[in-house]
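S.K.: one predicted model, sequence on top.
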Amino acid sequence: MVVKGLSHYSERIGIIGGGPAGLFVARELLRLGLKVDVFEASKQIGRPPHCTGIVSTRTFERFNIGFDCVEGVYREAVFVDERLRVFARVEGTPLAIKLCRPCLEELLAIQVLELGGRLFLGAKATHVDSQGKLFLERGRVKTYDHIVVADGATRTISRKLFKSQCSWLTGVEVRVVLQKRVRCDAFYTFHGPRFSRGFFAWFAPVKDGKALVLAPTKPLVEQHAEFFRKALNIPPTQI
C-alpha cells in the first residue's frame, strides 16, 4: 500500500515493514535509482519463522533469489472435504514452490543492502502523515518524499490509515516428522469447520520425511492447539 503516489521524480522513500513485500518493493525502487530506507519492528530479519511459504511459480520468479531457499516443489494441489474425500485436483509443472521464509527475507535484505538501501531493525513505526513524516517509537521522526506501508498481518499503520474492517485470522502451525512417507510433490487443503472455522487447513510435505500442518481459524485457537497435541502425541511444552 502506498500512502503518497510514487513518481519518476521521487528521491527518498521510507518503507514500513521488512517482510517479503517491503523488501521486494525496496529492491525494485533501488534498482530505479531511488534512495530507500526500510524500517522493521523485529530485531532480526525473518524471525521468528512464520507462514508456510508456499508461493506460485510466477511469484517465485519475481523474487529472483535463486534456489537456495526452496524447500519443496509441488506439481499438484489436492482439495479434501470434511469427510476426507478428494473433491478437486489442480496440476502444474510445477504448480507451486515451498520457500523457507527466513531464508527468503534474509536474501532479499542482502540484495537491498547491496543496492545501497538502509535497513533499520528494531525500529517500530507508530504513525505516518500525509506530509511524508514517519513516526517511530521513542519520539523519533523521519521525513520522506513518499512512504510505502507494508506492515503485514500486524496492520499497525494500515489499520489507522484506512480504517480497515479486516479481522484477525489466527491459527496453529505444527512441524512434524512423518512415520510414513507421503508424496512430496503434492500439498493438501482441508475444507470444513471440522478442520478450520472460516478458512481451510493444509498439509504441506517437505523433504526428509517432514511436513507442515496449519489450521487457521477465527476462534478457538487453544482448542486447535490441544487437538494437534493429542493427535500427534506432542508434549504440551512443544506446541
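M.R.: Structure received.
S.K.: how does the protein divide up, domain by domain?
M.R.: Here the domain parsing of the chain from automatic domain parsing is 12-48+102-162, 75-96+167-238.
S.K.: can you list the buried residues in the lengthiest helix in the chain?
M.R.: Ranked by residue count under DSSP state H, the longest helix found in the chain is helix 101-114. Residues of helix 101-114 classed as buried by neighbour count (16 or more other CB atoms under 10 Å): 101-109, 111-112. Placement of C-beta: from N, CA and C, glycine included.
S.K.: for Ile16, which non-adjacent residue is spatially closest?
M.R.: Setting aside the residues directly before and after it, Ile16 is nearest to Ala125 in space (CB to CB, 6 or more residues apart in numbering), at 4.5 Å.
S.K.: count the neighbours of that neighbour for me.
M.R.: Summarising burial for Ala125: neighbours were counted as other CB atoms under 10 Å, giving 24.
S.K.: now swap in His50 and tell me
M.R.: So His50, with other CB under 10 Å, has 13 neighbours.
S.K.: how much space between it and Thr189?
M.R.: Distance, His50 to Thr189, using CB to CB, to the nearest Å: 19 Å.
S.K.: against Phe63, how distant is the residue nearest in space to the middle of the chain?
M.R.: Within the chain, the residue whose C-alpha comes closest to the C-alpha centroid is Cys51; the distance, by CA atoms, centre = their mean, is 5.2 Å. Applying CB to CB, the value for Cys51 to Phe63 is 14 Å.
S.K.: in stretch 136-147, what's buried?
M.R.: Along stretch 136-147, these residues count as buried under the neighbour rule (16+ other CB under 10 Å): 136, 142, 144-147.
S.K.: pLDDT on it, on average?
M.R.: Taken as a whole, stretch 136-147 has a mean pLDDT of 91.
S.K.: chain center to that stretch, what's the gap?
M.R.: In this view, stretch 136-147 has its centroid 24 Å away from the chain centroid, taken as CA atoms, centre = their mean, to the nearest Å.
S.K.: correct me, but the residue nearest to Ile16 touches Asp37?
M.R.: No. Counting by CB atoms under 8 Å, no contact exists between Ala125 and Asp37, whose distance comes to 11.1 Å.
S.K.: coming back round to it: so can I have a markdown table of the buried residues of helix 101-114 showing pLDDT and distance to Ser158?
M.R.: Formatted as a markdown table, the entries for the buried residues of helix 101-114 read as follows, by pLDDT from 0 to 100; distance: CB to CB, whole Å:
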| residue | pLDDT | distance to Ser158 |
| --- | --- | --- |
| Arg101 | 90 | 21 |
| Pro102 | 92 | 24 |
| Cys103 | 94 | 26 |
| Leu104 | 94 | 22 |
| Glu105 | 94 | 19 |
| Glu106 | 95 | 25 |
| Leu107 | 96 | 25 |
| Leu108 | 96 | 21 |
| Ala109 | 96 | 22 |
| Gln111 | 97 | 25 |
| Val112 | 97 | 21 |
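S.K.: tell me which of those is nearest to Gln131?
M.R.: Val112 (25.4 Å; CB to CB).
S.K.: ok, now how distant is the closest one from Val70?
M.R.: Val112 sits 21 Å away from Val70, going by CB to CB.
S.K.: tell me which of the domains of the chain lies nearest to Arg58.
M.R.: Put simply, out of the domains of the chain the one that sits nearest Arg58 is domain 75-96+167-238, at 10.2 Å, with distance taken as CB to CB.
S.K.: tell me the mean pLDDT for that closest one?
M.R.: 77.
S.K.: many thanks, I have nothing further to ask.
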